[in-house]
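Show me how the following folds:
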Amino acid sequence: MSKEKERPTIGSDGRPLPVLPPERDPRVWARMARVMVYTPGFLAILLLKAGEPTAFGISIELLMLASASAVVGGLFIGSQSEGKGADTASHTGVWSGSLVMELLCAVPILCAVPALFREIATSTVLHARGPMPTEVPLGASEILPALAVVPFLLYQLGGFGTLNYVVTRQANWIINLAIAALILAAYAANWTGAYVVERVLGALLMLGMVFLVWYGVVKLRAMQADYEARRPHKDDTETGKA
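Numbering: from 1, shown residues only. Below is the predicted model of the structure:
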């Protein structure tokens, strides 16, 4: 990442430079990594205590994936450096870490929380059955936890997400709409008791996220290397202005 207020857009060879993500505060992302480590783990334990094994689906696996991925995201963020010995990889640490947390922390949580809510709401362990139990149907309110995917889409499609700088705008729309569709389809499968289908959909979603993170980290590093190799030197810029 450059310390300049405005990055050059044309390289020393006259060709456009890669459009890199903006500089981001590593401290904010490091705090976010800590939240991502503990929150999904707590939810997974809660589901183990309150739910019934037949309805677990893939929720626990998703939550533990999010927790473990936060550790990896923290490793990337910790590698960020602008000091002595900084190289291409250390310049992309925060971007790579944010990509891990956006796709391998946030997406698994968004997929797991609706089913987690349903398990807690209908658990016979938490809600003991009396002689004449009163059933209160949840109705459409069961959909509410799944609506968290809406601000996530706004984050991604509004240009805030790191993926926006890695893929084209059209691909970004397709990817995020596919994420939302798979999350809603997995929840629908859990709702109807099709737990095998839920596992398949969840697994497909996570495999896609792993591929995107791999591709994104490699692409960001390549873009940074290209930028550093072709950006105009300060002396050249001053000479051109003169």
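
got the buried residues for the helix or strand harbouring Val72?
Per DSSP states H and E, Val72 falls inside helix 59-78. For helix 59-78, burial by neighbour count (16 or more other CB atoms under 10 Å) applies to 59-70, 72-74, 76-77. Quick note: C-beta positions are derived from backbone N, CA and C, even for glycine.

could you give the mean pLDDT of it?
Averaged across helix 59-78, pLDDT comes to 91.

just checking, next helix/strand downstream of that helix?
helix 88-91.

Only C-alpha atoms, please: export the helix or strand that that next one is followed by in CSV.
Per DSSP H and E, the first helix or strand lying C-terminal to helix 88-91 is helix 93-101. Extracted as CSV, the C-alpha positions of helix 93-101 are listed here (Å, rounded to 0.1, in the frame of the first residue of the first chain):
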residue,chain,number,x,y,z
GLY,A,93,-1.8,-8.7,4.7
VAL,A,94,-4.9,-6.7,5.8
TRP,A,95,-6.6,-7.1,2.5
SER,A,96,-6.1,-10.8,2.5
GLY,A,97,-7.2,-11.1,6.2
SER,A,98,-10.3,-9.1,5.4
LEU,A,99,-11.1,-11.4,2.5
VAL,A,100,-10.8,-14.4,4.8
MET,A,101,-13.1,-12.9,7.4
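
Output the contacting helices and strands for helix 93-101.
helix 26-50, helix 59-78, helix 195-230 (3 or more CB pairs under 8 Å, 6 or more residues apart in numbering; DSSP states H and E).

could you say what helices and strands the following helix or strand past it packs with?
As assigned by DSSP H and E, the chain's next helix or strand after helix 93-101 is helix 107-122. Here helix 107-122 touches helix 26-50, helix 59-78, helix 149-157, helix 169-191, helix 195-230, going by 3+ CB pairs under 8 Å, 6+ apart.

Check these for me and report the most buried one.
helix 59-78 (a mean of 21; mean count of other CB atoms under 10 Å).

okay, it in CSV with CA atoms only?
Taking Å, rounded to 0.1, in the frame of the first residue of the first chain, the C-alpha atoms of helix 59-78 are listed here in CSV:
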residue,chain,number,x,y,z
SER,A,59,-24.7,-25.6,11.7
ILE,A,60,-22.0,-26.6,14.1
GLU,A,61,-19.5,-27.3,11.4
LEU,A,62,-20.1,-23.9,9.9
LEU,A,63,-19.7,-22.1,13.2
MET,A,64,-16.4,-23.9,14.0
LEU,A,65,-15.2,-23.1,10.5
ALA,A,66,-15.9,-19.4,11.1
SER,A,67,-14.0,-19.6,14.4
ALA,A,68,-11.0,-21.3,13.0
SER,A,69,-10.9,-19.1,9.9
ALA,A,70,-10.7,-16.0,12.2
VAL,A,71,-7.4,-17.3,13.5
VAL,A,72,-6.1,-17.6,9.9
GLY,A,73,-7.5,-14.1,9.1
GLY,A,74,-5.6,-12.8,12.2
LEU,A,75,-2.4,-14.3,10.8
PHE,A,76,-2.8,-12.5,7.6
ILE,A,77,-3.5,-9.2,9.3
GLY,A,78,-0.5,-9.7,11.6
